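Asks: Fold the following for me, if possible:
(2 chains)
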Amino acid sequence: EPEVTQTPSHQVTQMGQEVILRCVPISNHLYFYWYRQILGQKVEFLVSFYNNEISEKSEIFDDQFSVERPDGSNFTLKIRSTKLEDSAMYFCASSALEAFFGQGTRLTVV
Amino acid sequence: EDKVVQSPLSLVVHEGDTVTLNCSYEVTNFRSLLWYKQEKKAPTFLFMLTSSGIEKKSGRLSSILDKKELSSILNITATQTGDSAIYLCAPNAGGTSYGKLTFGQGTILTVHP
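Replies: Numbers count the residues shown, from 1 in each chain, chains lettered A, B, ... in the order given. All right, here's what the predicted structure looks like:
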């Protein structure tokens, strides 16, 4: 069964460092998303991406964040200068109709 | 601001019981409502509902949408310990993006043997 894959599963980084979270969406999907879930809180929408550009983004997705589809298969989320409050589980999702989620990357900023 | 409220927040039952989970929403540009099951990590897809009054069924799980009441329910019959999870309701509020989901806080279901 096709699935969304994310790497790494866990990343620890120092405050102020840049991180790149990677995702391989399901191959015939056209819409890609990043969500995050801070421990104990709701899953929150960050950004959607379609046709090689951002189609929608939330207030959380500020200038510190960027997304890219560098080739035909990968979809990345970059956080330029991480803050302690960026610590969360980051989920990538892709959709044709319903959205399917990857297993997540747990980002810990110390 | 889009709002999704799920109830109850948590539920503890015994195997074999039937449960009903509720979701009410207020979102702009409503397109559909999705239910997910979250165990350890990723939400896994259960149902997508677009039309009012039409029940979707998968094994012991079923769900229905009421667009007039802006709500949905998820039923699980003959619960099993493997049903223990957080159940998330997520309206797709559309906008320019097909899958922009606004998640509720979830219902934590615990099924005891």
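Asks: Can you give me the buried ones in stretch A:87-100?
Replies: Of the residues in stretch A:87-100, A:87, A:88, A:89, A:90, A:91, A:92, A:93, A:94, A:95, A:98, A:99, A:100 count as buried by neighbour count, 16 or more other C-beta atoms under 10 Å in any protein chain shown. Just so you know, the C-beta spots here come from the backbone N, C-alpha and C atoms, and that holds for glycine as well.
Asks: how far away is the first one from chain B?
Replies: Relative to chain B, residue A:87 is positioned 16 Å away (C-beta to the nearest C-beta, to the nearest Å).
Asks: For that residue, give me its contacts.
Replies: A:38, A:39, A:107, A:108, A:109 (C-beta atoms under 8 Å, 6 or more residues apart in numbering or on different chains).
Asks: And the fifth one, by the same measure?
Replies: Shown here is residue A:91, whose contacts under the criterion C-beta under 8 Å, 6+ apart are A:6, A:34, A:35, A:36, A:37, A:43, A:101, A:102, A:104, B:42, B:43.
Asks: now do 6 Å
Replies: Applying C-beta atoms under 6 Å, 6 or more residues apart in numbering or on different chains to residue A:91 gives the contacts A:35, A:101, A:104.
Asks: from those residues, which is closest to residue B:7?
Replies: Closest approach to residue B:7 among those (C-beta to C-beta): residue A:35, at 22.6 Å.
Asks: so the closest one touches residue A:43, yeah?
Replies: Yes. Between residue A:35 and residue A:43 there is a contact at 5.3 Å, judged by C-beta atoms under 6 Å.
Asks: quick one, which of these two is more surrounded?
Replies: Between residue A:35 and residue A:43, counted using other C-beta atoms under 10 Å in any protein chain shown, the more crowded position is residue A:35 (30 against 26).
Asks: which residues does the more buried one contact?
Replies: Here residue A:35 is in contact with A:43, A:45, A:46, A:91 (C-beta under 6 Å, 6+ apart).
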